[in-house]
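Undergrad: Sequence first, then the predicted structure:
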Amino acid sequence: MDTQKRILQFVVTSNWVLFAVVTIAGFILMPKLFALGILAGGLIVTVNFYLLWRTLKKAFTPERLVSHHVVMAKYYMRFLISAIILSILISQHWVDPLGLFVGLSIVVTSILLATACEFKKLIFKEAI
């Protein structure tokens, strides 16, 4: 269980660090709409990740065991709300779609970094 908590903490921390670094770099180096896309996409995906974590944590707490239907309903509700927000942002030309894509990739990048770090630990642990 300690490994799972460490990985989750790494992903959460790296989400916010990557989000801040990429957003600041976007505002410094890229056009305003692109940077706003990074900001919007990063916020959407980070908030969704947090809400998913909270839903699953509550669902698997022994005294509050919840039906999988509730978990799936919340998931699809978040998905629908995110889709509506994304379609409004793109259709109203408030953000650049490529910047939005970069922002939406932040959580995936954090998970890939966590996986690479854990894989590295396993390899070097085996080598010793």
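TA: Received it, and whenever you're ready, just let me know what you need.
Undergrad: Now for the residue nearest to the spatial centre of the chain: which residues touch it?
TA: For the chain, the residue sitting closest to the mean C-alpha position, by CA atoms, centre = their mean, is Val107 at 3.2 Å. Applying CB atoms under 8 Å, 6 or more residues apart in numbering to Val107 gives the contacts 11, 15, 45-46, 48-49. The way it works is simple: take the backbone N, C-alpha and C, and place the C-beta from them, glycine included.
Undergrad: CA atoms only for the helix or strand hosting it - export them in CSV, please.
TA: Element membership of Val107, judged by DSSP states H and E, is helix 106-127. Only the C-alpha atoms of helix 106-127 are listed here, as CSV (Å, rounded to 0.1, in the frame of the first residue of the first chain):
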residue,chain,number,x,y,z
ILE,A,106,-0.6,16.9,-18.4
VAL,A,107,-2.1,14.0,-16.3
VAL,A,108,-1.0,11.5,-18.9
THR,A,109,2.5,12.9,-18.8
SER,A,110,2.5,12.7,-15.0
ILE,A,111,1.4,9.1,-15.0
LEU,A,112,4.1,8.2,-17.6
LEU,A,113,6.7,9.9,-15.4
ALA,A,114,5.6,8.0,-12.4
THR,A,115,5.7,4.8,-14.3
ALA,A,116,9.2,5.5,-15.6
CYS,A,117,10.4,6.3,-12.1
GLU,A,118,8.9,3.1,-10.6
PHE,A,119,10.3,1.1,-13.5
LYS,A,120,13.8,2.6,-12.9
LYS,A,121,13.5,1.7,-9.2
LEU,A,122,12.6,-1.9,-10.0
ILE,A,123,15.5,-2.3,-12.5
PHE,A,124,18.1,-0.8,-10.1
LYS,A,125,16.7,-2.8,-7.2
GLU,A,126,17.1,-6.0,-9.2
ALA,A,127,20.6,-5.0,-10.3
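Undergrad: Could you report the pLDDT at the nearest residue to Leu113 once chain neighbours are set aside?
TA: What sits nearest to Leu113 in space, not counting adjacent residues and going by CB to CB, 6 or more residues apart in numbering, is Ser14, at 5.6 Å. Confidence at Ser14, expressed as pLDDT, is 94.
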